[in-house]
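Enquirer: need a structure here:
(one chain, ligands or ions: 1)
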Amino acid sequence: ALKLRPDFPEARENFYRVSNWLVERWHFLMLNDRGRNRKYQLAIQRAVREGCSTVLDIGTGTGILGMCAQKTGASEVFACELSKTMYELAREVVSANGMADSIKILHKKSLDMEVPKDIPTRVSLVVTETVDAGLLGESIVESLIHAWRHLLLPPPVRTSTCSTGRVIPASATVFTMAVECQDIRRHHRLCVSAVGGLDLTAAGEIRSPVNSSAAVGEVSEPYTTERLSRARGGFTALTPPCRLLDLNFNNLQELEGLCSRETSQLRVQVLEEGVLDALAVWFQLHLDQDNSISTGPHEDTCWEQAIYPVQSPHFRVQRNDEILVDVSCQDAYLRLCCVAVVRDGQTFRLDRVERSVSVACAQSAEVELCSALASLHTSPDTPLRPFTLESSEIALLNNVSYHSNFRLALDSLLTSLRSARGSQGSEVASGRSPEPFYVLDVSEGFSVLSLMAAQAGSDSTSSCSVRAYSSVEKEQHQVLLRLLARANGVDESVLEFWLTHVEDDSAVFQRPTSEKLWSAIVLDCIEPCGLTRQGMMEKATLARCLLEDGGRIFPERIAVHGLLVESDMLLQESAVQGVEPTLGFNIAPFINQFTVPVHVFLDLSTLECRHLSEPVQLFVLDLMNNSANYTSTNVRVQVSASGRVTAVPFWYQIYLDTDVSVSTFCEDSHWKQAAVVLQHPLSVRAGDWVRLSVRLHKSSMSISALK
Ligand SMILES: CCc1ccncc1CNCCCCSC[C@H]1O[C@@H](n2ccc3c(N)ncnc32)[C@H](O)[C@@H]1O
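Expert: Below is the predicted model of the structure:
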């Protein structure tokens with residue numbers, strides 16, 4: 001579609017979503033990491049010089065390591081790649097660099113390769129970088145066990161003179177340290193006791209799906225990933241880096257023994273007092289004796305670290321405390337769990353909620369179970385298990401200003417509707433109970449806004465109550481909302497789940513009842529990643545037709561703000577910068593086909609960049625009257641400092657009504673920001689004027705900058 005109509009916005013937006021999926025963003029970072037490429041080159045050159053003449057590149061990606069081996073003089077080079085897109089890309093790259101007939105590339109997972117079917121003989125060198133932030137997440141151990149058994153020549157033994165097998169990287173050393181980090185806490189634990197007038201303590205413990213102590217097979221991922229050096233508000237190292245594991249990739253027995261090792265316990269000494277929010281894990285990849293790559297938070301590395309959030313509620317550790325960490329390696333993932341803190345000989349269990357309930361069943365049931373329940377601050381009908389919400393849903397729940405502004409806007413709407421009805425005075429005169437207000441919350445995911453509306457309706461003096469409908473779908477979420485309703489004195493009968501009333505999601509926008517209209521409809525316009533939600537404008541148009549007189553949709557307006565920045569980091573993450581970083585191989589034009597000009601999930605408060613202008617309003621989306629919306633507009637921006645404009649980050653001021661607004665770029669915002677990365681950086685001098693042409697089609701936005 002793009003080839004036919006390159007300016008067709010939907011096709012372009014979908015192409016961006018698809019290419020984000022097809023080609024992971026780290027390919028750009030990796031290929032631009034000249035240090036990493038150089039070190040792999042040195043290790044490969046040394047191995048080939050020492051006699052490794054037949055090479056297999058496992059997980060070749062664009063083919064750079066295989067080409068490096070070929071150029072170094074290896075006699076035979078094979079490569080395998082499981083992703084079809086990357087396999088085809090590698091073929092293009094290898095032939096563009098004149099090596100089509102000297103590197104044999106297979107579209108295969110290495111585990112499915114055999115000798116002599118796929119490669120004629122066993123090879124003397126396997127080179128790979130199939131590692132993720134947690135080292136083992138791309139199954140490098142499984143791949144190398146199979147390679148040693150089926151694809152590699154035997155490892156060197158003292159006496160042998162015949163050619164032997166070797167792996168690059170030779171080994172890895174894994175480190176961990178405990179950190180305090182507000183941004184991690186906000187995404188994995190409930191940090192506030194009330195929002196928008198609602199008391200949340202009845203919810204007990206709320207967890208994110210990141211749970212390394214969960215039983216294998218339970219739906220959870222053992223860790224999440226963060227670039228700690230760019231976490232909002234920074235982080236504090238509570239302990240020194242502690243060596244967790246040494247893994248020798250050239251020792252088959254060690255690789256085979258890794259996953260059968262029983263859980264070990266690590267004792268980590270606290271150096272700095274602070275809140276125990278998470279364990280950070282990173283590693284050094286020893287390519288050979290002299291060349292190592294590190295993914296540590298302190299290095300100027302571009303890689304993320306693996307983050308294991310501490311699941312238990314707030315715990316402040318003090319200097320000289322010892323943190324007990326269970327370390328296990330199940331199903332090819334490294335699993336860490338802070339189980340206790342030892343202070344002056346006393347042990348404080350951290351996972352008491354889980355552990356004590358299960359322990360209670362073992363020991364004197366009544367006593368332990370009662371204390372466990374007590375520690376849950378709950379009534380017996382609350383499920384013992386903590387609620388699980390997505391990390392973005394937890395961050396939303398922690399966003400106090402978002403909820404208090406919504407409460408303000410809801411209260412003022414109900415007040416104006418009441419006075420409008422009061423002036424008519426119809427019902428009260430007739431003695432009939434006044435008609436309730438109908439409020440619909442179509443937020444994506446878990447949202448308490450419907451409950452806030454119900455409470456706003458019930459705790460007011462006048463009896464006009466609110467019937468609040470929530471589009472929350474998941475059973476667990478409905479249980480949580482009902483529990484919060486009870487705990488906040490809201491009669492459950494005024495809170496309903498709308499999706500049980502409509503036959504399918506597309507019919508969400510319809511009247512509450514055949515003869516009623518909505519007093520308010522709450523839309524969810526901005527995704528956590530920083531983009532406007534697809535179809536948001538269309539939904540606003542539908543919603544407007546279902547409002548009673550004086551009814552409103554929230555928000556009514558969204559102002560988009562942006563500024564000019566110079567950010568080398570954003571360039572590095574968006575496209576390969578020429579041939580120089582990639583060892584002189586011509587790779588950039590091929591992988592850059594998958595460049596996506598809009599970057600999401602950015603944290604503008606910690607992004608390495610220089611501001612080259614003040615923030616400016618780019619355009620306004622009027623949801624109450626979207627015929628007035630721009631399809632394209634030009635904004636002139638004055639340059640405040642000389643430099644190269646490489647990107648235009650943007651965020652939103654969301655107007656719930658004329659007076660109340662919420663910013664998506666503020667201290668407790670659960671949203672991240674997005675940025676348009678310019679095709680061609682623009683050199684500017686202070687005082688220059690830059691013209692930004694902003695095009696909006698439905699909900700996708702593009703920005704180009706001209707002088
Ligand atoms: C300092 C390194 C670092 C540190 C922290 N974060 C990121 C990095 C950078 N490395 C990321 C690579 C990660 C993806 S692996 C690269 C390519 O290999 C492919 N694959 C993976 C396994 C596999 C297999 N057994 N057989 C064939 N192909 C295989 C994937 O399809 C992918 O295209």
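Enquirer: tell me the secondary structure at whatever residue of the stretch 401-550 of the chain ends up closest to the ligand.
Expert: Per CB to the nearest ligand atom, residue 529 is where the stretch 401-550 of the chain lies closest to the ligand, at 19.9 Å. (Glycine included, C-beta is placed from N, CA and C.) Following DSSP: H, G, I helix; E, B strand; the rest coil, we place residue 529 in the coil state.
Enquirer: so what's it up against?
Expert: Residue 529 makes contacts with 600, 601, 672, 674, as judged by CB atoms under 8 Å, 6 or more residues apart in numbering.
Enquirer: and the residue in the chain that the ligand sits nearest to, how far from residue 168?
Expert: Distances between the chain and the ligand by CB to the nearest ligand atom are smallest at residue 59, namely 2.4 Å. Distance, residue 59 to residue 168, by CB to CB, to the nearest Å: 13 Å.
Enquirer: those two: which has the busier surroundings?
Expert: residue 168 (27 against 22; other CB atoms under 10 Å).
Enquirer: look at the closest residue to residue 691 other than its chain neighbours and report its pLDDT.
Expert: Once flanking residues are discounted, residue 691 sits nearest to residue 706: 4.9 Å by CB to CB, 6 or more residues apart in numbering. Per-residue confidence (pLDDT) for residue 706: 88.
Enquirer: buried sites along stretch 74-94?
Expert: 74, 76-83, 86-87, 89-94 (16 or more other CB atoms under 10 Å).
Enquirer: just stretch 657-670 next, same as before
Expert: Using 16+ other CB under 10 Å as the test for burial, stretch 657-670 gives 657, 660, 661, 662, 663, 664, 665, 669, 670.
Enquirer: what mean pLDDT does that stretch have?
Expert: On average, the pLDDT along stretch 657-670 is 95.
Enquirer: measure that stretch end to end?
Expert: Terminal residues of stretch 657-670 are spaced 20 Å apart (CA to CA, to the nearest Å).
Enquirer: spell out which parts of the stretch 51-200 of the chain neighbour the ligand.
Expert: Within reach of the ligand by CB under 6 Å from any ligand atom, the stretch 51-200 of the chain has these residues: 58-59, 61, 80-83, 86, 109-111, 129-133, 138, 143.
Enquirer: in helices, which of those residues fall?
Expert: Judged by DSSP state H, those include 86, 143 as members of helices.
Enquirer: give me the phi and psi angles of residue 25.
Expert: Backbone dihedrals for residue 25, given as degrees, to the nearest 10, come out at phi -60, psi -30.
Enquirer: how close does it get to residue 595?
Expert: Look at residue 25 and residue 595: by CB to CB, they are 10 Å apart.
Enquirer: and stretch 283-296, how far apart are its ends?
Expert: For stretch 283-296, the first-to-last residue distance is 7 Å (CA to CA).
Enquirer: backbone dihedrals for the residue nearest to residue 235 when sequence neighbours are not counted, please?
Expert: Nearest residue to residue 235, sequence neighbours excluded (CB to CB, 6+ apart): residue 181, at 4.0 Å. The phi/psi pair for residue 181 (degrees, to the nearest 10) reads phi -150, psi 110.
Enquirer: which residues sit in contact with residue 181?
Expert: 226, 228, 231, 233, 234, 235, 236, 277, 278.
Enquirer: of these, buried ones?
Expert: Neighbour-count burial (16+ other CB under 10 Å) is assigned, among the contacts of residue 181, to 226, 228, 231, 233, 235, 277, 278.
Enquirer: which helices and strands does the strand or helix carrying residue 647 pack with?
Expert: Assigned by DSSP states H and E, residue 647 belongs to strand 643-655. Applying 3 or more CB pairs under 8 Å, 6 or more residues apart in numbering; DSSP states H and E, we find strand 643-655 packed against strand 557-562, strand 565-566, helix 568-574, strand 661-663, strand 673-684, strand 700-706.
Enquirer: with distance to residue 399 as extra columns, can I get these in TSV?
Expert: Below are these laid out as TSV (distance: least, CB to CB, whole Å):
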stretch	distance to residue 399
strand 557-562	17
strand 565-566	25
helix 568-574	26
strand 661-663	8
strand 673-684	15
strand 700-706	23
